[in-house]
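> I need the structure of the sequence given here:
(chains A and B)
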Amino acid sequence: NAGVMQNPRHLVRRRGQEARLRCSPMKGHSHVYWYRQLPEEGLKFMVYLQKENIIDESGMPKERFSAEFPKEGPSILRIQQVVRGDSAAYFCASSQRGREYDEQYFGPGTRLTVT
Amino acid sequence: DQQVKQNSPSLSVQEGRISILNCDYTNSMFDYFLWYKKYPAEGPTFLISISSIKDKNEDGRFTVFLNKSAKHLSLHIVPSQPGDSAVYFCAASEDSSASKIIFGSGTRLSIRP
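Predicted structure coming up:
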């Protein structure tokens, strides 16, 4: 029973390039969440998605960042024209929903380095 | 504007003794509180949670206490074991579904032999 999978684990991009981070939720989970962790800080909520729907994107920067969770395939967090300040660890979590409290299971993260 | 604060970046405790990690929050709308544990190069792992209608929740060696009037919660680990060495994040949500979780900055716990 595989957990939440994220790839790549490490990604290096030059300023101005695009970064694509992938997240495959746990089997049976239809809800995905993305978080960003800057060095020495806690995780910051970015976006919450269901299949083909964005439920809450209140933590997403207004420009250059987008997320999707298509009917088939993994969830994608896309960062266009990356800048040095985008360097961080990006964590994805998934949950099953349907219960009063639904635990979020986290993936191992993608560490993005912008040079 | 940090809504969840963990003022101790690190804590060192002797094996077998009690570890107490503290957390304060400012948002009175928070209804659900969680503790996560994180090892290096891994994602956070859920440890224990508490609803705002309770003041204590216990699970094995882990107990979380909530003081709503003080907007304070704490995680007690007893007895502390070497495998407990990790970063502990306090987190909170405005609803019990916890779809949007606000994390503190973490406390690095080291258990010394």
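> So which residues on chain B come close to chain A?
B:4, B:6, B:9, B:32, B:36, B:41-46, B:49, B:89, B:91, B:96-106 (C-beta under 8 Å from any C-beta of the partner chain). Where you see a C-beta, it was placed from the backbone N, CA and C, and this is true even at glycine.
> are any of these buried, and which?
B:4, B:6, B:32, B:36, B:43-44, B:46, B:49, B:89, B:91, B:96-106 (16 or more other C-beta atoms under 10 Å in any protein chain shown).
> A:Arg15: how many residues sit nearby?
When neighbours are counted by other C-beta atoms under 10 Å in any protein chain shown, A:Arg15 registers 11.
> How about the contacts made by it?
A:82-84, A:114-115 (C-beta atoms under 8 Å, 6 or more residues apart in numbering or on different chains).
> out of the residues you listed, what pair is the most spread apart?
Based on C-beta to C-beta, the longest span within the contacts of A:Arg15 runs between A:Val83 and A:Thr115 and measures 11.1 Å.
> how far does stretch A:56-64 sit from the chain's center?
Remark: stretch A:56-64 is offset 12 Å from the chain centroid, using C-alpha atoms, centre = their mean, to the nearest Å.
> End to end on that stretch, go ahead and measure it.
One end of stretch A:56-64 sits 17 Å from the other (C-alpha to C-alpha, to the nearest Å).
> Smallest gap between chain A and chain B, at which residue?
A:Phe106 (3.2 Å; C-beta to the nearest C-beta).
> Could I get the full set of strands for the chain?
All of this refers to chain A. With DSSP state E as the criterion, chain A has strands at A:5-7, A:10-13, A:19-24, A:31-37, A:43-50, A:53-56, A:65-68, A:75-79, A:88-95, A:105-106, A:110-114.
> Wait, chain B was what I had in mind.
B:4-5, B:10-14, B:19-25, B:32-38, B:45-51, B:56-59, B:62-67, B:72-77, B:86-93, B:102-103, B:107-112.
> out of those, which comes closest to A:Lys27?
Minimum separation from A:Lys27 across the strands of chain B (C-beta to C-beta) falls at strand B:45-51, 18.0 Å.
> Cool, thanks, talk later.
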